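> Give the three-dimensional model of this entry:
(2 chains)
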Amino acid sequence: MRTDVWLVIAGMAIVTYLTRAPLLFVLARRPLPPRLRLWLRLIPLAVLPAIAFPMVLVERDAAGARLALSLLHPPLWGAAVVLALAALRMNLLLTVAVGVAVVALLRALA
Amino acid sequence: MPSVFVYGTVFGGLAVQAGLRPLEVWGMSVLVFAGASQFVAVPLLAAGAPAAAIVLTTYVINMRHYLMAATLAPSFRAFPRGWLALVAHVINDESFAVAVARRHPPDPWVFIGSAAAVSGAFLAGVAVGTPLGGLVADPARWGLDFAFPAVFLALVALQLRRPADWAVALVAAALAIAIARALPGTWHIVIAGFVVSALAALVLEPEAS
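Numbers count the residues shown, from 1 in each chain, chains lettered A, B, ... in the order given. Next comes the predicted model:
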């Protein structure tokens, strides 16, 4: 039993429940103000790219952080393929599978 | 539902691959039950990131539930509080989309039915995925490390509706890249996600409904 890992999981569970329960209990009658509603809709649109783009474009190691913009960087091509397929409304899992396959193929060729 | 099962399988496999134990992966899936945030938390946990950073990042990613809970609330007006406490825990993107697409305000039973199916499929997928995760020796060789960013990129591309959405996503991406080069940990997610969405909500015109 790794207490530190379970503490993180418990913390994640608590804050996630706090994003779900309060408005379900309180807001049964009153609608949400439009600007607050807009903000809540925009949050994932800002959070998801903020997670994904640095994962693809920023290399971090003991020596520090740098941009990985070389055309020989397989995740760059994987990301381009994923964005294109998702924009064409392809199924999410199929999109991810093709992106993973592109990265694997480019690494095998390198 | 099949896609949720596969999503759970991939998550279970990658989480074990990253170094989590099957029971931890299963526990996280039951207690947190929010796929995107779990995908983000796993590599952080494996890398030994500070607990507060992981929890804060989880919170920012899952803030989108506020909107879903607010939209669902009128449909559940007549339900006892004990039910609400349970329904709250299974609020998820897919069931929300299904319930809202059918009727306005959403039918509470359509939502509950979908949420039961989604949670069952996700947890079954995780149960199948965790033993598989230990079988792949070199995940990077198969591109599996790329599955994490690929899921997030695909999710955001699916949500871009208005031209302003593109601006929000691109500004957040650029700011996050700049912060990730300067600061360690997950500050780029928290700062770029929070600041860019809040500023955009102040500047942009709220849409109708």
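
> Look up the closest residue to the most centrally placed residue in chain B, ignoring the ones flanking it.
Central residue of chain B (CA atoms, centre = their mean): residue B:36, 2.5 Å from the mean position. Once flanking residues are discounted, residue B:36 sits nearest to residue B:61: 5.8 Å by CB to CB, 6 or more residues apart in numbering or on different chains. Every C-beta, even on glycine, is put in place using the N, C-alpha and C of the backbone.

> Do the particular helix or strand that has residue A:96 in it and chain B come into contact?
Element membership for residue A:96, per DSSP states H and E: helix A:92-109. Yes. Interface with chain B: helix A:92-109 contributes A:92-93, A:95-96, A:99-105, A:107-108 (CB under 8 Å from any CB of the partner chain).

> Among these, which one lies nearest to residue B:66?
residue A:92 (23.0 Å; CB to CB).

> any idea how far that closest one lies from residue A:82?
According to CB to CB, to the nearest Å, residue A:92 stands 10 Å off from residue A:82.

> Go through stretch B:70-81 and flag the buried ones.
By neighbour count on 16 or more other CB atoms under 10 Å in any protein chain shown, the buried set for stretch B:70-81 is B:70, B:71, B:72, B:73, B:74, B:75, B:76.

> With only the CA atoms kept, save it in PDB.
Provided in PDB are the C-alpha atoms of stretch B:70-81 (Å, rounded to 0.1, in the frame of the first residue of the first chain):
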ATOM      1  CA  ALA B  70     -25.800  23.300 -13.800                       C
ATOM      2  CA  THR B  71     -27.500  22.200 -17.000                       C
ATOM      3  CA  LEU B  72     -28.700  18.900 -15.500                       C
ATOM      4  CA  ALA B  73     -29.900  20.400 -12.200                       C
ATOM      5  CA  PRO B  74     -33.500  21.300 -13.200                       C
ATOM      6  CA  SER B  75     -34.100  17.800 -14.400                       C
ATOM      7  CA  PHE B  76     -33.300  16.300 -11.000                       C
ATOM      8  CA  ARG B  77     -35.400  18.800  -9.000                       C
ATOM      9  CA  ALA B  78     -37.700  16.100  -7.700                       C
ATOM     10  CA  PHE B  79     -35.000  13.600  -6.800                       C
ATOM     11  CA  PRO B  80     -34.100  12.900  -3.100                       C
ATOM     12  CA  ARG B  81     -30.800  14.300  -1.900                       C
END
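
> hmm, that stretch touching chain A?
Yes. Interface with chain A: stretch B:70-81 contributes B:70, B:72, B:73, B:74, B:76, B:77, B:81 (CB under 8 Å from any CB).
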